[in-house]
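# generate a structure from the sequence data that follows.
(one chain, ligands or ions: 1)
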Amino acid sequence: MDEQLKEIIERARGQAGEIANRGGFEAFKASFVGPQGSFTALRKQLGTIPKEQRPEYGKRINEAKDQLEAVFAEVNERLEGMELAALIGPAVDPTLPSPDRPVGTVHPLTQILERIVGIFEKVGFTVASGPEVETEFFCFDALNTPPEHPARDLQDTYYMPDSTRFSNVSKHGEERYLLRTHTSSVQIRTMLKEKPPLRILSPGRTFRRDTADATHSANFHQIEGLYVDKGVKVTDLKAMLDHFARELLGKDAKVRFRPHFFPYTEPSFEVDFSAEHLGKVGKKWIEIMGCGMVDPAVFEAVGIDPEVYTGYAFGMGIERIAMIAYGVDDIRYFYQNDQRFLNQFA
Ligand code: DAH
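Below you'll find the predicted structure:
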């Protein structure tokens, strides 16, 4: 009896390593503990054993059963490991970059900005940059915008608390810091650093206290242009902007100047574009930018002799142009990072 049990356990242990799938495992188990199994046959003999030997025999049977179950558990665990591995697939190195990571697209505002900059670069403008945190001097005073001017109103400008310090934003005197309301401040920083002739373009972020709606955002983008040289005339400005409109919107684009007022240019104009082939524009005139001839007071503030030099300046909103060029009817789409919107500009 003992011999037979021992033989069964050994056989079970011997065969266990060869089981490679669930089907094999079931057949393997059945050959021992199934209705026709060798272990089942031995267990059935319990009834035929003389009474006094039964407890001893029962104990042996139970021990053997535990041993068999241990073998089954081992096989089961090994099979589970194999099944899990099959499910997971080959080993991966999680530190490697994903092979199918989607490549992003250039944001539509950046695309239009690059196109605009490209047009002006071709005719000799270079890109200049200035800080987004400005001071009142660069944003207003030097641009001939006096303290009582409504543009400085606390209502529409973000001022920094008096105690704030920005080591990378130079001040003129003791004036306050603010988030720049326009990129025109870069005109001043550039003219204080460099001598004419100057031909710069300055794209960047600007800030105004505003309630967000389909056409307003408290944070938006502008491109500033400035050309200073001897003998620059209004006709140069008009010619440049005509060229710009046609390059950007197509040869049928038209430009209209309307007299306007800006403190830093004289004369000043608002500029409208029309482009019948663009659905969003149609026959309408759409206001695109402000411009004019640099006011002599601005030249004096930066130490350029207005008797020798003249110049033109312009400033335009990038969102407005992107909305026209791409037919977008709500400015907020640009800031929501919704891929359904962004993917259309791939
Ligand atoms: N700074 C003006 C604005 O934010 C735009 C502007 C108008 C810029 C006339 C200029 C200019 O350079 O000459 O609305």
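
# residue in the stretch 1-150 of the chain nearest to the ligand?
L143 (8.1 Å; CB to the nearest ligand atom). To be clear about C-beta, it is placed using only N, CA and C from the backbone, and glycine gets the same treatment.

# which other helices and strands contact the longest strand belonging to the chain?
Criterion DSSP state E: the longest strand present in the chain is strand 282-294. Counting contacts by 3 or more CB pairs under 8 Å, 6 or more residues apart in numbering; DSSP states H and E, strand 282-294 packs against strand 219-229, helix 234-249, strand 254-262, strand 265-275, strand 310-317, helix 318-326.

# could you give the number of residues near the closest residue to the ligand within the stretch 151-300 of the chain?
In the stretch 151-300 of the chain, no residue comes nearer to the ligand than G290, which is 2.5 Å away by CB to the nearest ligand atom. By the criterion of other CB atoms under 10 Å, G290 has 22 neighbours.

# so is stretch 298-317 next to the ligand?
Yes: applying CB under 6 Å from any ligand atom, one finds stretch 298-317 in contact with the ligand at A313, F314, G315.

# enumerate the positions of that stretch that are buried.
298-299, 301-302, 304, 309-317 (16 or more other CB atoms under 10 Å).

# which among these gets closest to R208?
G317 (10.9 Å; CB to CB).

# how much space between the closest one and F140?
Distance from G317 to F140, counting by CB to CB, to the nearest Å: 19 Å.

# before we move on, what about Y333?
Y333 is 32 Å from F140, by CB to CB.

# of those two, who's got more company?
Of the pair Y333 and F140, F140 is the one with more neighbours under other CB under 10 Å, namely 26 against 20.

# identify the residue spatially nearest to that one, adjacent ones excluded.
Nearest in space to F140, with sequence neighbours left out and distances taken as CB to CB, 6 or more residues apart in numbering, is R152 at 5.7 Å.

# most distant residue from the middle of the chain?
P50 (84.8 Å; CA atoms, centre = their mean).

# give the contact list for the closest residue to G315 other than its chain neighbours.
The shortest distance from G315 to any non-neighbouring residue, by CB to CB, 6+ apart, is to E224 (4.9 Å). Contact partners of E224, counting by CB atoms under 8 Å, 6 or more residues apart in numbering, are H182, T183, S184, V186, Q187, I200, L201, S202, P203, A313, F314, G315.

# and E224, bridged to which residues?
Following DSSP bridges, E224 is listed with bridge partners S202, G315.

# gap between it and V281?
Taking CB to CB, one finds E224 at 23 Å from V281.

# okay, now R176: neighbour count?
17.

# and for L178?
21.

# quick check: it is in a strand.
Yes: the assignment for L178 is a strand, going by DSSP: H, G, I helix; E, B strand; the rest coil.

# my guess is it contacts P131. True?
No: using CB atoms under 8 Å, L178 makes no contact with P131, being 11.0 Å away.

# the residue nearest to D252 when sequence neighbours are not counted in helix, strand or coil?
Nearest residue to D252, sequence neighbours excluded (CB to CB, 6+ apart): H277, at 5.6 Å. Using three-state DSSP, the structure places H277 in coil.

# residues of this protein that sit close to the ligand?
So far as CB under 6 Å from any ligand atom goes, the chain lies against the ligand at H182, S184, E224, F262, Y264, T265, G290, C291, G292, A313, F314, G315.

# report pLDDT for the fifth one.
Reading off the confidence values, Y264 has pLDDT 97.

# swap in the third one?
Listed pLDDT for E224 reads 98.

# tell me how far it lies from S31.
E224 is 88 Å from S31, by CB to CB.

# now the fifth one
Relative to S31, Y264 is positioned 97 Å away (criterion: CB to CB).

# which one's more surrounded, the two?
Taking neighbours as other CB under 10 Å, Y264 and S31 compare with Y264 leading, 24 against 17.

# for that one, give me its contacts.
L143, N144, T145, S184, Q187, G292, V294, D295, A297, V298, A313.

# switch the cut-off to 10 Å
Shown in contact with Y264 (CB atoms under 10 Å, 6 or more residues apart in numbering): 140, 142-145, 182, 184, 187-188, 290, 292-295, 297-298, 301, 313, 315.

# nearest residue to it in space, please, no chain neighbours.
Per CB to CB, 6+ apart, closest to Y264 is L143, 4.2 Å.

# next, count neighbours for that neighbour.
25.

# got it, and Y158?
By other CB under 10 Å, neighbour count at Y158 equals 16.

# same deal with A142?
24.

# would you map out the domains in the chain?
Using automatic domain parsing, the domains assigned to the chain come out as 2-88, 108-345.

# endpoints of stretch 97-105, how far apart?
19 Å (CA to CA, to the nearest Å).

# isn't there a helix covering V328?
No: counting by three-state DSSP, V328 is not part of a helix but coil.

# I'd say it and Y335 touch.
No: using CB atoms under 10 Å, V328 is not in contact with Y335, being 11.8 Å away.

# re earlier: how near is the residue of the stretch 151-300 of the chain closest to the ligand to R320?
From G290 to R320 the distance is 12 Å (CB to CB).

# which residues are in contact with each of these two?
Overlap of the contact sets of G290 and R320 (by CB under 10 Å, 6+ apart) consists of Q222.

# average model confidence for stretch 322-341?
In the prediction, stretch 322-341 has an average pLDDT of 93.
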